[in-house]
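Participant: My questions are about this predicted structure, shown below with the sequence.
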Amino acid sequence: MVTTPNGSAVFPGAVLVVPPAPNGQLGAIATIAAASPSSRSVQVQTPATAFATLINNGQSLATSCGLAPLSSVAATFVYQTTDSATNAVIGTPNTPVDLPPGQAQTFVFVFTPTAPFAPTDVPLSFACANADPVPVTSGLNTLLLSASATPIPDIVALAATLTTTAL
């Protein structure tokens, strides 16, 4: 587990680039996000789950924060908040949350394919009502997703260190 300077937990495998608040404004809201794993391959009608962390790097409350796919694939989508210590699902599906300054919120998100499709890098929108959306960075806050009509290998690449420092 990685922790932010204020002690918030971030899930293993995340690579975070922490930008300063926009224009250095005191009290500005700047959010950052990461998703893990970076890819999933599943059979049609089989849920493909992944996890994400959204961090409010600003000094003001970020309101109505949630996530959604930015491109269309043949799949349904749902997200839900999780307990950052256990990844246990909490909250209500598809319900935005408020995020205090310097805090992180973890999520599980699920794509359930309805038809086969080739590998597609699906960009995710991490957005709050009162902040700019998190910039999309392929491999950091996207999910490479594919669906097959027949069973398909689903290789999930994760990394860890002996001391869990993520270094």
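Facilitator: It's in.
Participant: which residues touch the residue nearest to P100 when sequence neighbours are not counted?
Facilitator: Nearest non-adjacent residue to P100, counting by CB to CB, 6 or more residues apart in numbering: L61, 5.8 Å away. All C-beta atoms are positioned from the backbone trio N, CA, C, and that covers glycine. Contacts for L61 were tallied using CB atoms under 8 Å, 6 or more residues apart in numbering; they are I29, D98, L99, P100, P101.
Participant: Just the buried ones among these, please.
Facilitator: Neighbour-count burial (16 or more other CB atoms under 10 Å) applied to these gives I29, L99, P101.
Participant: which residue is nearest the middle of the chain?
Facilitator: The residue lying closest to the centre of the chain (CA atoms, centre = their mean) is A52, at 2.4 Å.
Participant: ok, that residue touching A33?
Facilitator: Yes: A52 is within contact range of A33, at 6.1 Å (criterion: CB atoms under 8 Å).
Participant: mind listing what the nearest residue to V156 once chain neighbours are set aside touches?
Facilitator: In this structure, V156 finds its nearest non-sequential neighbour in P37, 4.7 Å apart by CB to CB, 6+ apart. P37 makes contacts with G13, A50, V156, A157, L158, as judged by CB under 8 Å, 6+ apart.
Participant: Let's see if you can find the most crowded of the residues you listed.
Facilitator: The most crowded member of the contacts of P37, judged by other CB atoms under 10 Å, is A50 (20 neighbours).
Participant: pLDDT at that one, what is it?
Facilitator: Note for A50: predicted pLDDT of 97.
Participant: before we move on, the earlier item: sort out which one of the contacts of L61 lies nearest A74 for me.
Facilitator: Comparing the contacts of L61 against A74 with CB to CB places L99 closest, at 31.2 Å.
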